[in-house]
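> Got a predicted model here, sequence first, then my questions.
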Amino acid sequence: MLSIRMGRGEYIPPNTYPREVHVEVTSECNLNCEFCYRRSWDETPRDMDLELYSEIIDQLESIGTEFVWLSGWGEPTYHKNFPELLEIASGRFRLGILTNGVLLGQYAEDIVSHKVEKVVVSVDSLDPEKYGHIRVGSELESLFESIKELKEEKKRQKRKYPSIWFIKVLMKSNLEDLPEEVKRASEIGAVGLILSNLIPTQEHLSDQVLYGRNPDPKTRKVLHIARGKAILSRIKLVEPEFEYRTDRFCPFVGRDQLAINRSGDVSPCLFALHNYVAWIDGRRKKINQIKFGNVMKRPLVDIWWDKKYAEFRAHVELLQFPSCNDCPYEEFCDMASSNELDCWGNSPSCAACPYYRRIVLCPRTELMERLLSH
């Protein structure tokens, strides 16, 4: 039994396994969104090859994984072999897709026939001009048409799934549209709307954030109205935090999730899936990829139980990181310029992670299903 030394005691990690896994089948994308992570990295985007993908699926099945998301930093439906990806995984897990939605109509038959359970569509505005400015390369009407085709295919095949969710990144420029968008999202066919916050990947986007030490005062009023609209429209609303609170919870480590990028690297989360630059609390921060192995070099079960990875999960669950976000010395601290090291000696560090503070949210099957059961 693995034992981890923590301070003056020992911690015995729970006997868990990665129940929910995000697989980045490609880092290519058919759009060039305003705030995308891919705007602040220097990697060459490419597809995951089918051999690697098949190996990952085999390993996930053997380890007992229950739910697989085709997600990551690219657009999964843009993979040149997307129907084959679904075929390889179908029937072996419950499946979900996190997508910009542009190609949903083209692949509607494959998505429904391969029993994809959840489709989460990134829709940051239902105003055509704002949507086009944020989701560069797409048009709102074509997105609506794709969603309509997916719904019609469900009817044609007489299937209940996939359920359609929207996810919206909140910014000052799109906040006030939220209440009306809640109603329209329901009319379009979404059963839920996940709200998240912006991680600026360019300095000028720092002015758009709604959260932090002094959150935008309009936010509370707009959300109150949106909640009422959600009740009347019978749509579920998932809200992030906007202030830094004492409690912290990692939606990845805390729910036995991990992410595998298109090269097969195993990361504990989506936030540190690649190397990139972000402006967190207005300060430039170099986010280094956090990885604990590669599935082509070492079995996933061995990576999961590697002592370094287990120690990392223990530190996350037991809150053994300082809090950079509300530290009065953060702006002067050299360590706060990256996630490489923190003032408690952790390397890598989660001290400034916005997911850890529930500021930024991602789809979580457990939460989505709990909401729909009420």
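Cool, the structure landed.

> And the strands in the stretch 201-350 of the chain?
With strands called from DSSP state E, counting those that start in this stretch, the stretch 201-350 of the chain shows them at 236-238, 257-260, 266-267, 276-280, 283-287.

> Pick the most deeply packed of the ones you listed.
Comparing the strands of the stretch 201-350 of the chain by mean neighbour count (mean count of other Cβ atoms under 10 Å), strand 257-260 ranks first with a mean of 26. For glycine as for every other residue, the C-beta is placed from the backbone atoms N, C-alpha and C.

> Pairing partners for that strand, with directions?
Strand pairing for strand 257-260, using DSSP bridges, gives strand 20-23 (parallel), strand 266-267 (antiparallel).

> and the ones you listed as a markdown table, adding mean pLDDT and distance to R357?
Converted to a markdown table, the strands paired with strand 257-260 look like this (pLDDT from 0 to 100; distance: least, Cβ to Cβ, whole Å):
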| stretch | mean pLDDT | distance to R357 |
| --- | --- | --- |
| strand 20-23 | 98 | 20 |
| strand 266-267 | 98 | 19 |
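
> would CSV of those strands with distance to T99 be doable?
Converted to CSV, the strands paired with strand 257-260 look like this (distance: least, Cβ to Cβ, whole Å):
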stretch, distance to T99
strand 20-23, 13
strand 266-267, 20
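
> Out of those strands, which is closest to V238?
Closest to V238 of those is strand 20-23 (Cβ to Cβ; 16.0 Å).

> Touching that closest one from outside, list them.
With Cβ atoms under 8 Å, 6 or more residues apart in numbering as the test, strand 20-23 has contacts from 48, 53, 56, 60, 65-72, 98, 255-260, 270, 364-365.

> and what of stretch 288-307?
2, 4, 17-18, 52, 55-56, 59-60, 62-63, 258, 260, 263-269, 272-275, 308-309, 312, 338-340, 348.

> Now the buried members of those.
4, 18, 52, 55-56, 59-60, 258, 260, 263-269, 272-274, 309, 312, 338-339, 348 (16 or more other Cβ atoms under 10 Å).

> Let me see the contact set for S138.
L31, N100, V102, Y131, G132.

> will you turn these into JSON lines that also has pLDDT, secondary structure and neighbour count?
JSON lines is the format used below for the contacts of S138 (pLDDT from 0 to 100; DSSP: H, G, I helix; E, B strand; the rest coil; neighbours: other Cβ atoms under 10 Å):
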{"residue": "L31", "pLDDT": "92", "secondary structure": "coil", "neighbour count": "17"}
{"residue": "N100", "pLDDT": "96", "secondary structure": "coil", "neighbour count": "22"}
{"residue": "V102", "pLDDT": "96", "secondary structure": "coil", "neighbour count": "21"}
{"residue": "Y131", "pLDDT": "91", "secondary structure": "helix", "neighbour count": "18"}
{"residue": "G132", "pLDDT": "92", "secondary structure": "helix", "neighbour count": "14"}
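
> Mind picking the one among the residues you listed that's closest to S196?
N100 (14.7 Å).

> between the contacts of S138, which is closest to V121?
N100 (7.2 Å).

> Contact partners for that closest one?
By Cβ under 8 Å, 6+ apart, the neighbours of N100 are C29, N30, L31, C33, E75, V121, S122, R135, S138, L143.

> can you rerun that using 10 Å?
Contact partners of N100, counting by Cβ atoms under 10 Å, 6 or more residues apart in numbering, are 29-31, 33, 75-78, 121-123, 135, 137-138, 143, 146.

> Mind checking which of those are buried?
29, 31, 33, 75-78, 121-123, 135, 138, 143, 146.

> ok, of these, which one's closest to S163?
V121 (11.2 Å).

> which SS class is the closest one?
strand (DSSP: H, G, I helix; E, B strand; the rest coil).

> quick one: it from V295, how far?
28 Å (Cβ to Cβ, to the nearest Å).

> For PyMOL, what selects the buried ones among the contacts of strand 20-23?
In PyMOL, this line selects whichever of the contacts of strand 20-23 come out buried by 16+ other Cβ under 10 Å:
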select buried, resi 48+53+56+60+65+67+68+69+70+71+72+98+255+256+257+258+259+260+270+364+365
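
> So which of the contacts of strand 20-23 are in helices?
Y53, I56, L60, T365 (DSSP state H).

> Surely the second one touches L70?
In this case it means I56. No: if you go by Cβ atoms under 10 Å, I56 and L70 don't touch, sitting 11.2 Å apart.

> what sits in contact with each of these two?
V23, V25, A89.

> As a markdown table, the strands of the stretch 201-350 of the chain with distance to C327 would be great.
As requested, those are exported to a markdown table (distance: least, Cβ to Cβ, whole Å):
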| stretch | distance to C327 |
| --- | --- |
| strand 236-238 | 28 |
| strand 257-260 | 27 |
| strand 266-267 | 25 |
| strand 276-280 | 12 |
| strand 283-287 | 11 |
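
> Which of those strands sits closest to R38?
strand 276-280 (8.1 Å).

> what's the burial count for the nearest residue to K151 once chain neighbours are set aside?
Nearest non-adjacent residue to K151, counting by Cβ to Cβ, 6 or more residues apart in numbering: G189, 5.3 Å away. For G189, the neighbour count with other Cβ atoms under 10 Å is 16.

> likewise H224?
For H224, using other Cβ under 10 Å, the count is 10.

> Thank you, goodbye.
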